[in-house]
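Q: Here's a sequence, model it:
(one chain, ligands or ions: 1)
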Amino acid sequence: MQAEAPLPITVSFVTRRRCSKPSCNGSAVATLTYVYADSTAVLGPLATYAEPHCYDLCSMHSERMTAPLGWEIVRITPDPDALKPSSDDLEALANAVREAARPRYEPGTPLPTEVPPGSIETGRKGHLRMLTSVDSIEPERLPDYDD
Ligand SMILES: [Zn+2]
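A: Residues are numbered from 1 along each chain as shown. This next block holds a predicted model:
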């Protein structure tokens, strides 16, 4: 009896991305990004990296895709004539849209320390001293040592 060796777990980087539609085996040619703040779905060139609110689509599904009710679709379609230099601009635009779709708050960012409204800073410790001029104290507010 020969014990079966456990299969080695291999992590392979996917070079060929597939359409995110269920039961579709087409290779992805475009990336759909939902910009929830603007109710806009942006269909652009294939993203260089996957993000939670991005969906890769094959050519058929990217052509057939329809926006949810009340949403707008912005199709960033490369123009064959304008494509000659490079598609970097389109990619930059698509990446900018993805950047805008990200949540503003990032964990780990320190919140600004502010003095709460209605309170003032009256003194400091450390290398700073708070000095008070005697002339500024009104005589009638001086403590009364009448004994
Ligand atoms: Zn598809």
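
Q: where does this structure dip in pLDDT?
A: Within the chain, the stretches with pLDDT under 70 are 1-15, 50, 78-87, 103-147.

Q: Can you pull up the residues of it that come close to the ion?
A: Within the chain, the positions lying close to the ion (Cβ under 5 Å from the ion) are 19, 21, 24, 26, 58, 61. Where you see a C-beta, it was placed from the backbone N, CA and C, and this is true even at glycine.

Q: can you redo those residues as JSON lines with distance to R102 and secondary structure?
A: What follows is these, written out as JSON lines (distance: Cβ to Cβ, whole Å; DSSP: H, G, I helix; E, B strand; the rest coil):
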{"residue": "C19", "distance to R102": "24", "secondary structure": "coil"}
{"residue": "K21", "distance to R102": "24", "secondary structure": "coil"}
{"residue": "C24", "distance to R102": "27", "secondary structure": "coil"}
{"residue": "G26", "distance to R102": "28", "secondary structure": "coil"}
{"residue": "C58", "distance to R102": "25", "secondary structure": "coil"}
{"residue": "H61", "distance to R102": "24", "secondary structure": "helix"}
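
Q: would you turn these into TSV with distance to E91 and neighbour count?
A: Formatted as TSV, the residues of the chain next to the ion follow (distance: Cβ to Cβ, whole Å; neighbours: other Cβ atoms under 10 Å):
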residue	distance to E91	neighbour count
C19	20	21
K21	23	18
C24	24	14
G26	21	15
C58	19	20
H61	20	19
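
Q: what about the strands in the chain?
A: 30-35, 40-45, 54-57, 72-75 (DSSP state E).

Q: Can you lay out these as a markdown table showing mean neighbour count and distance to M65?
A: What follows is the strands of the chain, written out as a markdown table (neighbours: other Cβ atoms under 10 Å; distance: least, Cβ to Cβ, whole Å):
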| stretch | mean neighbour count | distance to M65 |
| --- | --- | --- |
| strand 30-35 | 22 | 7 |
| strand 40-45 | 20 | 7 |
| strand 54-57 | 22 | 6 |
| strand 72-75 | 14 | 7 |
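
Q: Turn these into TSV, columns for distance to E99.
A: Listed next are the strands of the chain as TSV, based on distance: least, Cβ to Cβ, whole Å:
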stretch	distance to E99
strand 30-35	10
strand 40-45	12
strand 54-57	12
strand 72-75	15
